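S.K.: below is the structure, and that's it, no one-letter string:
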């Protein structure tokens, strides 16, 4: 029989073991997520006064971005600008007007916009903006909409309470419903004002594909057959028809940046004027009345094509991808069959090829007379680059200068820079700004290298010109943006890579992607086309900015990762679109289900065997011997990059030059543990005590820093990325970047996970609002300008999502196939410009696969393109990794990446050892992580110093140091360990003490 | 062993744990306080920005 004493001892020992094990597991989880918990529980200390000052400036910047980014889509009979004396009272129609879209929102939303200080009353919608401007609105109408349905303003709510279905639910009372639109209300409205503003809103958010079925509020959440969220509903159409029939001055406001169906503007009579204001951020709406009433002339231009029917873009046919049966279950695969013909490249080239010849569409003209449009005009409602103004401008080609490596030349070369001088004169009666757009039409030879009929290669916005004033603007064209990438040697010149193909290159000055401007010189019409002839194809084997060799890395036998990105399987070849065969694809209906081959199945996940092979290889994938020297850890060379609360001279020296020999001494000081702490569970980079680096907080953006946090303060809620690109004003965008850095500074954040620069491959990309455009050039230039401003303010960003992340639907693990030509010319291009012309210091990889490989595991993309070709020296982070064996940071580390967001080494099921026992190659790769991470921090500080010391730059930006909070939770954790473990041990001791008296 | 001695051992053990917790917390907070005293207050050290264009 077991005695009571023995039972007690067993219980005490068991309890101690259970408590010890529990603590071990709990500690491991808590400390493994230590960076996250630090950020959430103990964020850096901020100063409210600084936040207020930064917010005030940021909000003014938002207004400026809206004023310059609003696109005047339509202005029949010059309804706009409104006269403040005559139209000082307006009717505002549309339920959406009481639920203004400031920014995006969803359950898992980067890019969200919320009130900076959690004060909902300070968010500015159209009503607030009009009131502030001195315009009255019909409150009876407004009250009716509030009675119909409560505003569901997601921007104001707890982020955790957002419902994706709720975000995209349409509310609109039917105009025939007398409970709401009573005869009296409508009669009163007509008496109140003859001016009607109709607000149409479409929201968006991460993880919400924009082509979800239309969802209308009411019992059962009705839909309309075949319609998606971006279509307009019957109720909206009926409202628009009523307003068009009953009001003299009708202005439609599109409160959404994405390309929703706007065909109603041409098919419903009486809708005289329309502006697209996008997402306005928390305060940008103040800019809307200034445009409506003519204080400013609209100068925004579209950065996406708006088609009458979005399904006319070829990419829509394969947008949803196909089902792929694999030995790990059903997956999704995508083929970018449209090749380089994305957005206007498709519409304009198809027009050139006669694709639209048979198209017709019934519309109305300015006087409400039916008009039949034909051809391209029946397909494209508003071309890329389109935007009206209240005034008129004449352009005159004033001169051309071509420089190659700084020397004047007479003809274009692959490395030349061209400057076109265009004199822009305001010949109208209203002050305004104009945008000069330069497109190239390259020579196309049948069945050879794919080339778009037009591609944007340069642009410049004027300052505000009063009537009669002029400005000569320099439109600069970098010939690196004109080259074609011939991955298949289609022109048969025994060369694959970038080429300046033989033939005539026409540089056209246009008002949009479709219309060439007719210039004027001394009252004579001037042809604004400048042509150059290339007699023989010129190969461009080196990157213009780094001098690195550029050659195929993703095609056929040249595929360095082992898997070509156009198709892995020899037995299966996607039918990529070729310009010679446009007319053959009209009947294409989409991708078919298929079964993965052994080759494709082998590519699936990163494994111990693959990693070990990499660790022990003698040559890298580029054919060069791997690093084979001893790696030094933890040596004390008495160097600090940061001391006494400031960056040291050593730090600035290293920030100036990534290749400075002093780097070796500094990196020798770093320990293995510091390196592992940096790679694992990245939520900002931790302190590196051996060299003095402080911890750097990094969080989500990009429309608003700290948007994801329920607790205020946050940075300014800015307009969406599309709004920003629509300004076409690079100086303004650079100032925006600086303003964004001010916000980050004020809330103690160093790095932001953004901006996004994926391509609007289709109008229904779920995150188009967070990316800039369908065009890689303006995407890259916008990104580069914002990054320059950010870096000047001493902050850095992770541009994302690298690469081929053009869909929200099935994005995780999606196999994404594309030609190397389209990969380089369309999808890599914005990143390249952001890095080479903006100096971006961070890159975030994506959820999808590049071809068959996890994007972060593509060594050809990360090391080959980013680091070797483009000279990228900053940090590469994963996206939010919680996908089992997928998105392995072990894989990304070996591919050339650095940081694991929400993941750590061996999280994906591998069993590697990282430390002094690792191979020299792997240790070197770990050390490279620290080189990249320290450089990212020091480079931003160095650029800030240079900016501050430059007498030619504007207001100075003093980077404040981050003051850390007390990490009380870590102390509590230790205290809990002492209490529980100590208590358990005491219990054990007590049970083992002799009970009898001695 | 008397109940009294057992009680003394128990109380000593609990006391030791409490002292350990207090010491650790105090030292940690002291180190943080020293760090805070070494840096300027945020309001005085941040001549922030602000993009006047």
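M.R.: Perfect, thanks for sending it. Just so you know, these numbers come straight off a predicted model, no measurement behind them.
S.K.: number of residues surrounding residue A:913?
M.R.: As a burial measure, residue A:913 scores 11 neighbours (other Cβ atoms under 10 Å in any protein chain shown). C-beta here means a position set from N, CA and C on the backbone, and glycine is covered the same way.
S.K.: tell me the secondary structure of it, please.
M.R.: Taken by DSSP: H, G, I helix; E, B strand; the rest coil, the conformation at residue A:913 corresponds to coil.
S.K.: do the same with the one 10 residues further on
M.R.: With three-state DSSP as the basis, residue A:923 sits in helix.
S.K.: show the contacting residues for it.
M.R.: The neighbours of residue A:923, taking Cβ atoms under 8 Å, 6 or more residues apart in numbering or on different chains as the test, are A:631, A:633, A:916.
S.K.: show the buried residues in those.
M.R.: Among the contacts of residue A:923, the ones that count as buried by 16 or more other Cβ atoms under 10 Å in any protein chain shown are A:631, A:633.
S.K.: can I get the contacts of residue A:923 in TSV including pLDDT and secondary structure?
M.R.: Putting these into TSV (pLDDT from 0 to 100; DSSP: H, G, I helix; E, B strand; the rest coil) gives the following:
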residue	pLDDT	secondary structure
A:631	98	coil
A:633	98	coil
A:916	97	coil
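S.K.: quick one: which of the contacts of residue A:923 is nearest chain B?
M.R.: residue A:633 (26.0 Å; Cβ to the nearest Cβ).
S.K.: re earlier: could you dump the contacts of residue A:923 to a markdown table with distance to residue A:179?
M.R.: Putting the contacts of residue A:923 into a markdown table (distance: Cβ to Cβ, whole Å) gives the following:
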| residue | distance to residue A:179 |
| --- | --- |
| A:631 | 76 |
| A:633 | 75 |
| A:916 | 77 |
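S.K.: tabulate the contacts of residue A:923 in a markdown table, adding columns for distance to chain B.
M.R.: Compiled in a markdown table, the contacts of residue A:923 are given as follows (distance: Cβ to the nearest Cβ, whole Å):
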| residue | distance to chain B |
| --- | --- |
| A:631 | 32 |
| A:633 | 26 |
| A:916 | 30 |
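S.K.: could you list the low-pLDDT ranges of chain B?
M.R.: Counting by pLDDT under 70, chain B has low-confidence residues at B:1, B:38-53.
S.K.: residue boundaries of the helices in it?
M.R.: Using DSSP state H, the helices of chain B run over B:3-38, B:42-45.
S.K.: what's the most buried one of these?
M.R.: Highest mean neighbour count among those (mean count of other Cβ atoms under 10 Å in any protein chain shown): helix B:42-45, with a mean of 14.
S.K.: could you dump the helices of chain B to TSV with distance to chain A?
M.R.: Formatted as TSV, the entries for the helices of chain B read as follows, by distance: least, Cβ to the nearest Cβ, whole Å:
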stretch	distance to chain A
helix B:3-38	4
helix B:42-45	4
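S.K.: now the ones you listed as TSV including distance to residue A:562?
M.R.: As requested, these are arranged in TSV below (distance: least, Cβ to Cβ, whole Å):
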stretch	distance to residue A:562
helix B:3-38	50
helix B:42-45	52
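S.K.: and of these, who's closest to residue A:147?
M.R.: helix B:42-45 (46.5 Å; Cβ to Cβ).
S.K.: count the neighbours of residue A:184 for me.
M.R.: Under the neighbour criterion other Cβ under 10 Å, residue A:184 is assigned a count of 10.
S.K.: from residue A:77, how far out is it?
M.R.: 30 Å (Cβ to Cβ, to the nearest Å).
S.K.: can you pull out the strands in the stretch 351-500 of chain A?
M.R.: Across the stretch 351-500 of chain A, reading from the start of the chain, the strands by DSSP state E, counting those that start in this stretch fall at A:360-364, A:370-374, A:380-382, A:393-404, A:407-408, A:416-426, A:435-441, A:455-461, A:470-478, A:484-486, A:497-500.
S.K.: immediately after the last one, which helix or strand?
M.R.: In this case it means strand A:497-500. strand A:503-510 (DSSP states H and E).
S.K.: so what touches that following strand?
M.R.: Identification of contacts with strand A:503-510 by Cβ under 8 Å, 6+ apart yields A:385, A:395, A:397, A:412, A:418, A:420, A:422, A:436-445, A:454, A:457, A:475, A:477, A:482, A:516-517, A:519, A:528-534.
S.K.: so what's the gap between it and the chain middle?
M.R.: Strand A:503-510 sits 30 Å away from the centroid of its parent chain (Cα atoms, centre = their mean, to the nearest Å).
S.K.: list the buried residues for that strand?
M.R.: Neighbour counts using 16+ other Cβ under 10 Å place A:503, A:505, A:507-510 of strand A:503-510 among the buried residues.
S.K.: do stretch A:513-532 as well
M.R.: Using 16+ other Cβ under 10 Å as the burial criterion, the residues of stretch A:513-532 that qualify are A:513-514, A:516-517, A:519-520, A:526, A:528-530, A:532.
S.K.: go on, stretch A:699-711?
M.R.: Buried residues in stretch A:699-711, counting neighbours by 16+ other Cβ under 10 Å, are found at A:699-709.
S.K.: quick one: residues contacting the residue most central in space within chain A.
M.R.: The centre of chain A sits closest to residue A:756, judged by Cα atoms, centre = their mean, with a distance of 1.7 Å. Taking Cβ under 8 Å, 6+ apart, we find residue A:756 in contact with A:111, A:702, A:721, A:767, A:770-772, A:799-801.
S.K.: got it, and residue A:704?
M.R.: Shown in contact with residue A:704 (Cβ under 8 Å, 6+ apart): A:103, A:112-114, A:116, A:281-282, A:714-718.
S.K.: can you select the buried ones from the residues you listed in PyMOL?
M.R.: Burial among the contacts of residue A:704 is assessed by 16+ other Cβ under 10 Å; the matching PyMOL selection reads:
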select buried, chain A and resi 103+112+113+114+116+281+282+714+715+716+717+718
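S.K.: could the contacts of residue A:704 go into TSV alongside pLDDT and distance to residue A:173?
M.R.: Compiled in TSV, those are given as follows (pLDDT from 0 to 100; distance: Cβ to Cβ, whole Å):
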residue	pLDDT	distance to residue A:173
A:103	91	26
A:112	85	28
A:113	89	27
A:114	87	28
A:116	89	33
A:281	95	28
A:282	95	28
A:714	87	34
A:715	91	37
A:716	94	34
A:717	95	29
A:718	97	32
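S.K.: from the buried residues of stretch A:699-711, which is closest to chain B?
M.R.: The nearest member of these to chain B, counting by Cβ to the nearest Cβ, is residue A:705 at 13.7 Å.
S.K.: does that closest one touch residue A:698 like I think?
M.R.: No - counting by Cβ atoms under 8 Å, residue A:705 does not reach residue A:698; the two are 10.1 Å apart.
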